[in-house]
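*Asks:* Build me a model from this:
(2 chains)
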There are 2 protein chains.
Amino acid sequence: MNKLLIVGTVAFDAIETPFGKTDKILGGAGTFIGLSASHFNVNSAIVSVVGDDFPQEYLDLLTDRNIDISGIEIVKGGKTFFWSGKYHNDLNSRDTLITELNVLADFKPVVPADFTNSDVVMLGNLHPLVQSSVLDQMTEEPKLVVLDTMNFWMDCALPELLDVMKRVDVITINDEEARQLSGEYSLVKAAAKIQTMGPKYVVIKKGEHGALLFHNTDVFFAPALPLEEVFDPTGAGDTFAGGFAGFITQSENISFENMKNAIIQGSNLASFCVEKFGTERMVELTKEEVNERLKQFKSLTQFDIELH
Amino acid sequence: MNKLLIVGTVAFDAIETPFGKTDKILGGAGTFIGLSASHFNVNSAIVSVVGDDFPQEYLDLLTDRNIDISGIEIVKGGKTFFWSGKYHNDLNSRDTLITELNVLADFKPVVPADFTNSDVVMLGNLHPLVQSSVLDQMTEEPKLVVLDTMNFWMDCALPELLDVMKRVDVITINDEEARQLSGEYSLVKAAAKIQTMGPKYVVIKKGEHGALLFHNTDVFFAPALPLEEVFDPTGAGDTFAGGFAGFITQSENISFENMKNAIIQGSNLASFCVEKFGTERMVELTKEEVNERLKQFKSLTQFDIELH
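*Replies:* Now for the predicted structure:
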């Protein structure tokens, strides 16, 4: 099996949506990426940090899915990263209520020796220096490096972000962030500009409006599945990225054509993530459900027009 | 050739976008629908009204495209409907600056005798009583009736709108209007509710985010083509509707599968409309350009994932 190295937060979230609220539950980009990628035949590891307040059952939940957690440092006497947010009525925007970095403040990622030769590296949303540090530890050049980031780092650590961007193949970013990073309103122009900054493939996530993949003059679009109800969007972007990276790792094919499939796999998995709070839906998700919904994606977008 | 009957405004527009502004130019839903539908092998007619201030060259432009204009009444001493609007920087919203109904205020549509047995009727955005009056004049039941409408009629003529909705097969409406009409935020739920109000097919237009087609439990999604620059969105929705209706009329096939193709054809034509002011791009558009861009639509959305 091919190796997928994931770096990202493993954390507590407390979420409020128009449909209800949770206490501290399992969250974090690394968690969502790992759970999503575990739907593919890959040998994956998460590099992260938690405090000793982090329940063993959450760690077991990852190891049960064959995710190597030897790279998740447990800081004695430390407290796990905690994020709390409240979504507005349309679920398209949210307010952060609490961010407690805790052990994340001094996080020095250590890649397990078995994974310094990973085929694919998925750099989840974290400080760009942490993302760079993971790449520094690779003993073989990965076939593909995928970077997820957000506006916070553009505001607070832009030079470091620009540095790590030069070292990656794919960037995943949302539409507003793509505009901020490029200074271009048109997403076509934004993607072209971002390609000059390092990543040869630019994935622009538009939430309920789907995702675009750009590479040179090629463009591919995957819709989000129209759902009766979006319950909690937390982790959808990470689940998308995890599905993308997981599928690419399994298939060993980094062509644009195969990335189309990876985008669909990511969108498919993300469509489940939003159906329940936090990781709840991803934890119970079966292979049959995933395959069934892939068929829906196909009928949602495929047409048979005659071209002349 | 099959017959397509179009009712809609033929008018003057004055448009301001971040890229410039126009004097009074050719506009109107009927105009955009007609120009778009003229890309298919159909026998089409527009029912509308103008004043005698309306230039002959604009009428010639329609007849040059084999559009029957005997149903466009020219009111002696009357002034043509005039709309003026200014788009905001993101082009997703606009302010109406001027609306002069003029001859439209007393418009009594008269369907030309040759078209009372039309195969398809496209009811462009107008007062629902005008739309109903056109249906009243049909001597044979059309194979398909498509209705376009907007929030203005939901606010000012809801009972009349609900009446005409019971008589149509397809409704095209934007996302906010679908929410307003149904009282449902989720577009899936909105489309289901609207289907109980008459139209068995619900097309929800999301502008730059594409369009959705709903029928029972079937859903199809067509993206908007990602463009470097959207210059002027005026008429894009009408051009979409005209492409949809024109293709359906030509192909004589009102199955859901064929409606998918019609949605793509409509999206394809609309992608040209927004590239220049008003009807400018549609007037110069060639068959070759249309076919070339259809290929782009195909590569934009088609993938070849293995299903198990």
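
*Asks:* mind listing what the top strand by length along chain A pairs with, with the direction of each?
*Replies:* Counting residues, the longest strand in chain A under DSSP state E turns out to be strand A:43-51. Strand A:43-51 pairs in its sheet with strand A:3-7 (parallel), strand A:67-68 (parallel), strand A:72-75 (parallel), by DSSP bridges.

*Asks:* Could you single out the most deeply buried of those?
*Replies:* Highest mean neighbour count among those (mean count of other C-beta atoms under 10 Å in any protein chain shown): strand A:3-7, with a mean of 29. No exception for glycine: its C-beta is placed from N, CA and C like everyone else's.

*Asks:* residues contacting A:S93?
*Replies:* A:Y87 (C-beta atoms under 8 Å, 6 or more residues apart in numbering or on different chains).

*Asks:* Roughly how far does it sit from A:G207?
*Replies:* 10 Å (C-beta to C-beta, to the nearest Å).

*Asks:* And for A:K3?
*Replies:* Counting by C-beta to C-beta - A:K3 and A:G207 are separated by 30 Å.

*Asks:* returning to what we had before: closest one to B:N151 among the strands paired with strand A:43-51?
*Replies:* strand A:3-7 (45.9 Å; C-beta to C-beta).

*Asks:* Just the residues contacting the closest one, thanks.
*Replies:* Contacts of strand A:3-7 (C-beta under 8 Å, 6+ apart): A:30, A:33-34, A:37, A:42-48, A:109, A:111, A:114-115, A:117-124, A:126, A:130-131, A:134, A:142, A:242, A:245-246, A:249.

*Asks:* Check stretch A:242-251 too.
*Replies:* Counting by C-beta under 8 Å, 6+ apart, A:2-4, A:6, A:32-42, A:44, A:119-120, A:122, A:144, A:146, A:170, A:172, A:203, A:254, A:258-259, A:261-263, A:265-270 sit against stretch A:242-251.

*Asks:* Over to stretch A:208-219?
*Replies:* If you take C-beta under 8 Å, 6+ apart as the criterion, stretch A:208-219 is touched by A:92, A:187-188, A:191-192, A:195, A:200-206, A:220-224, A:230, A:240, A:256, A:259-260, A:263, A:266-267, B:206, B:209-210, B:223, B:226, B:299-300.

*Asks:* Just the buried residues of those residues.
*Replies:* Buried by 16 or more other C-beta atoms under 10 Å in any protein chain shown: A:187-188, A:191-192, A:195, A:201-206, A:220-224, A:230, A:240, A:256, A:259-260, A:263, A:266-267, B:206, B:209-210, B:223, B:226, B:300, out of these.

*Asks:* Among the residues you listed, which ones are in helices?
*Replies:* Counting by DSSP state H, those place A:187-188, A:191-192, A:195, A:240, A:256, A:259-260, A:263, A:266-267, B:300 in helices.

*Asks:* For the spatially most central residue of chain A, give me its contacts.
*Replies:* Geometric centre of chain A, nearest residue: A:D238, 2.6 Å, by C-alpha atoms, centre = their mean. By C-beta under 8 Å, 6+ apart, the residues touching A:D238 are A:8, A:29, A:31-33, A:36, A:124-125, A:148.

*Asks:* Which single one of the residues you listed is nearest to chain B?
*Replies:* Closest approach to chain B among these (C-beta to the nearest C-beta): A:S36, at 16.4 Å.

*Asks:* Chain neighbours aside, what residue packs nearest to that closest one?
*Replies:* Sequence neighbours aside, A:G242 is the residue nearest to A:S36 in space, at 3.0 Å (criterion: C-beta to C-beta, 6 or more residues apart in numbering or on different chains).

*Asks:* Does that neighbour lie in a helix or a strand, and which?
*Replies:* helix A:236-251 (DSSP states H and E).

*Asks:* Which residues of the stretch 201-308 of chain A lie near chain B?
*Replies:* Counting by C-beta under 8 Å from any C-beta of the partner chain, the positions of the stretch 201-308 of chain A adjacent to chain B are A:206, A:209-210, A:212, A:218-223, A:226-230, A:257, A:260-261, A:264-265, A:291, A:294-295, A:298-305, A:307-308.

*Asks:* Distance check, the residue nearest to A:K166 when sequence neighbours are not counted against A:Q137.
*Replies:* Distances taken as C-beta to C-beta, 6+ apart place A:G198 nearest to A:K166, at 4.1 Å, with adjacent residues excluded. A:G198 sits 19 Å away from A:Q137, going by C-beta to C-beta.

*Asks:* from the contacts of stretch A:242-251, which would you call buried?
*Replies:* Buried among these by 16+ other C-beta under 10 Å: A:2-4, A:6, A:32-40, A:42, A:44, A:119-120, A:122, A:144, A:146, A:170, A:172, A:203, A:254, A:258-259, A:261-263, A:265-270.

*Asks:* Quick check: end-to-end length of stretch A:142-152?
*Replies:* In terms of C-alpha to C-alpha, to the nearest Å, the two terminal residues of stretch A:142-152 are separated by 27 Å.

*Asks:* outside of that stretch, which residues touch it?
*Replies:* Here stretch A:142-152 has contacts from A:5, A:8, A:29, A:118-125, A:128, A:131, A:135, A:161, A:164-165, A:167-174, A:176-177, A:180, A:199, A:237-238, A:241, A:244-245, A:248, A:252, A:254, using C-beta under 8 Å, 6+ apart.

*Asks:* change it to 6 Å
*Replies:* A:118-125, A:168-172, A:177, A:180, A:241, A:245, A:248, A:254 (C-beta atoms under 6 Å, 6 or more residues apart in numbering or on different chains).

*Asks:* Just those: which are in strands?
*Replies:* A:120-123, A:170-172.

*Asks:* Which residue, neighbours along the chain excluded, lies closest to A:G183?
*Replies:* A:K193 (7.5 Å).

*Asks:* Would you enumerate the residues in contact with A:D114?
*Replies:* Contacts of A:D114 (C-beta under 6 Å, 6+ apart): none.

*Asks:* How about the one 10 residues further on?
*Replies:* For A:G124, the contacting residues are A:7-8, A:29-30, A:33, A:148, taking C-beta under 6 Å, 6+ apart as the criterion.

*Asks:* Burial check on A:K76, number of neighbours?
*Replies:* By other C-beta atoms under 10 Å in any protein chain shown, 6 other residues sit near A:K76.

*Asks:* Against chain B, how distant is it?
*Replies:* 45 Å (C-beta to the nearest C-beta, to the nearest Å).

*Asks:* and the residue nearest to that residue when sequence neighbours are not counted, how many neighbours?
*Replies:* Counting by C-beta to C-beta, 6+ apart, A:K76 lies nearest to A:D52, which is 5.5 Å off, once chain neighbours are set aside. A:D52 has 12 neighbouring residues, counting by other C-beta under 10 Å.

*Asks:* before we move on, back to that, which stretch among the strands paired with strand A:43-51 comes nearest B:G85?
*Replies:* strand A:3-7 (49.1 Å).

*Asks:* Sheet-wise, list the partners of whichever helix or strand comes after the closest one with their directions.
*Replies:* Following strand A:3-7 in sequence order, the next helix or strand is strand A:11-17 (DSSP H and E). Paired strands of strand A:11-17, with direction, are strand A:20-21 (antiparallel), strand A:25-27 (antiparallel), strand A:82-87 (parallel) (DSSP bridges).
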